[in-house]
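A.B. asks: Provided below for reference: sequence and predicted model.
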Amino acid sequence: MLWWLVDYAKTIYFLLGIAALVLIALWWMNRRAKYLVGVGVVIGLAALVWLLGLFIVTDRMQIRANILAMKRGVEQGNPDAVFRHFSKSFGADQWDRKSLEARAGRFIEQRRVHEIILWDFDFEVPPDRNNKAVVAFRVRAIGDGGEVWYLCRADFVFEEGDWRMKTIRFFNPVADTDRPIPIPVPN
């Protein structure tokens, strides 16, 4: 019920900030205490939204945390930390979960990727526990082979009380961003 307050906290802070500025301007022009009380109420509402953000973990937050956990697993050379967030029915390109885990697992253990930077998370299909969620994000990976950039779109499904990746597609981040490229798994 209150998930949208947490997911859109920045927008709410912005609107509350505008309300506070209007109330401060009204107080400055009229010097009436009721406007200062209004500023206090606005500050209290902002604090309430902040507190809710500390205690409520939304589906979007869980999906993003799972993606970040997979990133850390790759950087630390721990394939189990990566593949625990994959759906049992994972499939992408010609890969199923077992074949990708076998091939990419060896690569991850060799720690050939030193750093992964993720940003620009966009939920193209908002999380729906009865259906799926689609999140797009940008990736920059730095490793033994140099530096690569991708636009990724991942489908997540809600399984066993957790959001798990069902498929992932990679795209060129600059041109042809709607045409998938093969999953970049080295030999």
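C.D. replies: Okay, I see it. Everything numeric in this text was worked out from a predicted model, so none of it was measured.
A.B. asks: only C-alpha atoms for contact and neighbour calcs from this point on.
C.D. replies: Noted.
A.B. asks: Mind pulling the model confidence for residue 16?
C.D. replies: What the model reports for residue 16 is a pLDDT of 96.
A.B. asks: err, residue 187, not the other one
C.D. replies: We have a pLDDT of 61 for residue 187.
A.B. asks: before we move on, what about residue 90?
C.D. replies: pLDDT, residue 90: 92.
A.B. asks: What about it, how many residues nearby?
C.D. replies: If you count neighbours by other CA atoms under 10 Å, residue 90 ends up with 19.
A.B. asks: Do I have it right that it meets residue 157?
C.D. replies: No. With contact taken as CA atoms under 8 Å, residue 90 and residue 157 are classed as non-touching, separated by 9.9 Å.
A.B. asks: Can you check which residues contact both of the two?
C.D. replies: 165-166 (CA atoms under 8 Å, 6 or more residues apart in numbering).
A.B. asks: residues contacting residue 173?
C.D. replies: With CA under 8 Å, 6+ apart, residue 173 has these contacts: 138, 149-151.
A.B. asks: Can you select the buried ones from those residues in ChimeraX?
C.D. replies: For the buried members of the contacts of residue 173, the matching ChimeraX selection, counting by 16 or more other CA atoms under 10 Å, is:
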select :138,149,150,151
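A.B. asks: out of the contacts of residue 173, which are inside strands?
C.D. replies: 138, 149-151 (DSSP state E).
A.B. asks: nearest to residue 8, of the contacts of residue 173?
C.D. replies: residue 138 (20.6 Å; CA to CA).
A.B. asks: Return the set of residues that bridge with the closest one.
C.D. replies: residue 119, residue 151 (DSSP bridges).
A.B. asks: Just to check, it is in contact with residue 151?
C.D. replies: Yes. Applying CA under 8 Å, one finds residue 138 in contact with residue 151, separated by 4.6 Å.
A.B. asks: Can you report how many residues lie near the closest residue to residue 3 other than its chain neighbours?
C.D. replies: In space, and not counting its chain neighbours, residue 3 is closest to residue 58: 5.8 Å by CA to CA, 6 or more residues apart in numbering. Residue 58: 17 surrounding residues under other CA under 10 Å.
A.B. asks: Contact partners for the most centrally placed residue in the chain?
C.D. replies: In the chain, the centroid-proximal residue (CA atoms, centre = their mean) is residue 64; its distance is 3.0 Å. The contact partners of residue 64, by CA under 8 Å, 6+ apart, come to residue 121.
A.B. asks: please redo it, this time with the cut-off set to 10 Å
C.D. replies: 58, 70, 121, 123, 135, 137, 163 (CA atoms under 10 Å, 6 or more residues apart in numbering).
A.B. asks: Mind putting those residues into a markdown table with distance to residue 13?
C.D. replies: Formatted as a markdown table, the contacts of residue 64 follow (distance: CA to CA, whole Å):
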| residue | distance to residue 13 |
| --- | --- |
| 58 | 18 |
| 70 | 30 |
| 121 | 20 |
| 123 | 20 |
| 135 | 24 |
| 137 | 24 |
| 163 | 28 |
